[in-house]
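Undergrad: Based on what follows, work out the 3D shape:
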Amino acid sequence: MIVDKNGHFPVYPPPVKPYRKRGHRLEIKNSGKSPIDVILFGGEPYNEPIVSEENFVMNNPHEISQAYNDYYEGKYGQIKPKQKN
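TA: Numbering: from 1, shown residues only. Below you'll find the model as predicted:
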């Protein structure tokens, strides 16, 4: 996942490249004008379907819809603003 300093993806959809063997080399070039952060995940292969939309990643479109419904109904809780001293 590549994110610029404002938290935005410089390209959409974000580039994802699976590597299945050890010893591969990953080269990332930033051709933009802003610095980027790179998040590299590793682990065992995930052998289930993946569907993503904005901040939600699920296994199918129905689960994405349910995640949006839960979000709009406030089921994920709330972050309270900091109180000024």
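Undergrad: ok, how many other residues are close to the residue nearest to residue 48 when sequence neighbours are not counted?
TA: The spatially closest residue to residue 48, leaving aside those adjacent along the chain, is residue 59, at 5.5 Å (C-beta to C-beta, 6 or more residues apart in numbering). Yep, even glycine has a C-beta here, placed from its N, CA and C like the rest. For residue 59, the count of nearby residues is 12 (other C-beta atoms under 10 Å).
Undergrad: Double-check residue 59 against residue 47; I have them as touching.
TA: No - with contact defined as C-beta atoms under 8 Å, residue 59 does not count as touching residue 47 (11.2 Å).
Undergrad: domain assignment for this protein?
TA: Here the domain parsing of the chain from automatic domain parsing is 1-45, 46-76.
Undergrad: ok, so what distance separates residue 50 from residue 76?
TA: Residue 50 sits at a distance of 20 Å from residue 76 (criterion: C-beta to C-beta, to the nearest Å).
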